[in-house]
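[1] Let's see this in three dimensions:
(one chain, ligands or ions: 2)
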Amino acid sequence: MTPLLAVRELAVTYPNGIVGCTGVSFDVHPGEIVGVVGESGSGKSSLLNAIALAVSPSHGSAVFQSRCRGPQALFALNAQDRRWLRHREIGLVHQNPRTALNFDLSAGANVAEALLMAEWRHYGRIRSRVAELFARVELDLGRMDDLPSRFSGGMQQRVQLAKALANGPTLLLLDEPTGGLDVSIQARLLDLIRELSRDLGTAMLLVSHDLEVVRLLARRTLVMQQGRVVEIGLTDQILEDPQESYSQLLVHSMLT
Ligand SMILES: Nc1ncnc2c1ncn2[C@@H]1O[C@H](COP(=O)(O)OP(=O)(O)O)[C@@H](O)[C@H]1O
Ligand SMILES: [Mg+2]
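    Ligands and ions are numbered 1, 2, ... in the order given. Here you go, the predicted model:
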């Protein structure tokens, strides 16, 4: 099967010379959830932001199979084509909802913004699509016109999910989506993310410093350390029989 995303030898180097990640290669298949774990500073966000076309890589390639446009060399696209893909086929969920949402607009208007970016123009149709998305992420329809600041952290992440899913992306990139949340809220959000992937067939690249989060959702996992992938394989196998000393350390710290 052709991978939905094929990343080869990706490196991100920041202007100050710091290496975010280097030599990263992996595939994501259609509908698959792939986990990315590693301690803070191991390069997870650098990797994700490069694929989200938010930072420019210093090396490497990524080929994405666009539903509408066929194979796309992500890092060779012009600005217009990048925007087109980002608004329609690749969704992004940040750890901090303030990075992704406009807190001066209602929750519904935030989701509607994603539709406007993809050239939805009819007010009634936008309103009903936003309502459909609110239902999909289990948000109360009666709260569409409330400001995000009046929502709990877990609900703000649901608004972000609704926005990221608005145009039916085939790939969703999630950077520590349950990072700042209480354990019980985190568990409910992870359940929802799993259901969304299953029901909508959305492939996901799920970044977390927490192996437990990845264990719950991801079939395959990349383990990162100091900007490099040190282990890649089935999540269950990494948990049961980690090959690399760093993965052993991560698994051990999770079990104790
Ligand atoms: N915008 C940036 N400018 C300079 N260095 C950065 C920037 N973002 C991340 N880094 C550095 O890149 C490395 C990897 O960071 P990051 O990708 O954020 O890791 P993680 O998401 O795993 O915590 C770290 O050394 C970090 O300090
Ligand atoms: Mg990060």
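[2] Quick one: classify Asn16 as helix, strand or coil.
    Per DSSP: H, G, I helix; E, B strand; the rest coil, the local secondary structure of Asn16 is coil.
[3] burial of it, as a residue count?
    Per other Cβ atoms under 10 Å, the neighbour tally for Asn16 reads 5. Just so you know, the C-beta spots here come from the backbone N, C-alpha and C atoms, and that holds for glycine as well.
[4] next one: Arg86
    Burial measure for Arg86: 18 neighbouring residues, criterion other Cβ under 10 Å.
[5] Model confidence for it, exactly?
    On pLDDT, Arg86 comes in at 94.
[6] Over to the one 4 residues further on?
    Among the per-residue scores, Ile90 holds a pLDDT of 97.
[7] what do you get for the one 10 residues further on?
    pLDDT for Ala100: 92.
[8] Then the one 3 residues further on?
    Reported pLDDT at Phe103 in the predicted model: 97.
[9] Provide a list of residues in contact with it.
    Going by Cβ atoms under 8 Å, 6 or more residues apart in numbering, Phe103 touches Leu147, Pro148, Ser149.
[10] wait, isn't Pro71 in contact with Ser61?
    No - counting by Cβ atoms under 8 Å, Pro71 stays clear of Ser61, with 11.2 Å between them.
[11] Please say which of these two ends up with more neighbours.
    Shown here are Pro71 and Ser61; by other Cβ under 10 Å, Ser61 has more neighbours (15 against 10).
[12] Any idea what the more buried one is bridged to?
    Arg8 (DSSP bridges).
[13] thinking again about what came up before, may I ask which of the contacts of Phe103 has the most neighbours?
    Pro148 (21 neighbours).
[14] What distance do you get for that one to Gln157?
    Remark: distance between Pro148 and Gln157 (Cβ to Cβ, to the nearest Å) = 10 Å.
[15] shared neighbours of those two, anything?
    With contacts defined as Cβ under 8 Å, 6+ apart, the residues shared by Pro148 and Gln157 are Pro97.
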